[in-house]
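Colleague: A predicted structure for the sequence below; I have some questions about it.
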Amino acid sequence: KGARFVEEVSEIPPGAVAIFSAHGVAEKVERDAQGRQLQVIDATCPLVSKVHNQGKRYAAKGYDVVLIGHAGHPEVEGTMGQIPGRVHLVTCIEDVASVVPADPEHLSYVTQTTLSVDDTRDIIAALVARFPAIVGPDLRDICYATQNRQTAVRQLAAAVDVVLVVGACNSSNSNRLREIAAATDVPVYLLE
C-alpha cells in the first residue's frame with residue numbers, strides 16, 4: 001500500500017519492512033521489530049551509530065554518560081535507549097548544575113550529532129569545569145553538514161534582506177538555522 005511514517009512498531013503490519021531513520025532508534029524498538037518479524041533496513045547514520053557505541057563503551061566501563069542534546073529529538077531518544085546504565089540529558093549550560101553522577105571520577109559525555117560545534121562547545125566547557133575528570137569523544141563526531149549550514153546562514157544573513165529556511169517545523173536543524181538568522185536582525189521565515 002505504500003510507505004508511511006509511524007510512531008510505534010506496533011503500527012507496522014507483521015512481516016512488513018521497517019526502515020529505521022538516520023537518527024537511530026532505541027534497542028527496545030529494534031527488539032519490538034524483531035518480535036513482530038519485520039524486515040528491517042537500518043538507515044542509522046554512521047556518526048549516530050558511533051555515538052551509540054561510544055556511550056555503550058563508557059557504560060560498560062562503569063561510567064555515567066552525559067548526553068548533550070535536545071530533549072524529545074529522535075536522535076536523543078534513540079541514543080538514550082541504546083546506552084545501558086545512567087544517562088543524564090543536558091540541553092543547555094544551566095543543566096550542567098543538575099548533573100549528579102554516581103561517581104564524578106567516572107563520568108563521560110557524548111553529543112547529539114546534529115548539533116554544531118558552536119552549540120556544544122560551551123556546554124562541554126561547563127562540564128569540564130565542574131567535572132575535571134570527565135571524558136568524551138573528539139568533536140569530529142559532530143555532523144559537519146550541520147556546522148557548515150550554520151556558518152553559511154551567518155554569512156548569508158549579513159548579505160541579504162531576508163532569509164528563507166526550507167525545512168520541517170519540528171526539525172532541530174531547521175529551527176537552529178532560523179534562530180541564527182533571527183539573531184542577526186534579518187527577517188527570517190521557516191517554510192515547510
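Modeller: Good, I have the coordinates.
Colleague: least trustworthy helix or strand in this protein by mean pLDDT?
Modeller: helix 144-157 (a mean of 86; mean pLDDT, DSSP states H and E).
Colleague: who does the helix or strand following that one pair up with?
Modeller: Going down the chain from helix 144-157, the next helix or strand is strand 163-166, by DSSP states H and E. Strands flanking strand 163-166 in the sheet, each with its direction: strand 188-191 (parallel) (DSSP bridges).
Colleague: next, the buried residues of the strand it pairs with.
Modeller: 188, 190 (16 or more other Cβ atoms under 10 Å). Quick note: C-beta positions are derived from backbone N, CA and C, even for glycine.
Colleague: same for the least confident helix or strand of the chain, what does it pack against?
Modeller: Judged by 3 or more Cβ pairs under 8 Å, 6 or more residues apart in numbering; DSSP states H and E, helix 144-157 is in contact with helix 117-130, strand 163-166, helix 172-182.
Colleague: how about residues contacting the longest one?
Modeller: When contacts are taken as Cβ atoms under 8 Å, 6 or more residues apart in numbering, the neighbours of helix 117-130 outside the stretch itself are 66, 68, 90, 92-93, 95-97, 99, 109, 111, 134, 136, 139, 142, 147, 150, 176.
Colleague: center of the chain - which residue?
Modeller: residue 112 (2.9 Å; Cα atoms, centre = their mean).
Colleague: how close does that residue get to residue 37?
Modeller: Distance of residue 112 to residue 37, given as Cβ to Cβ, to the nearest Å: 31 Å.
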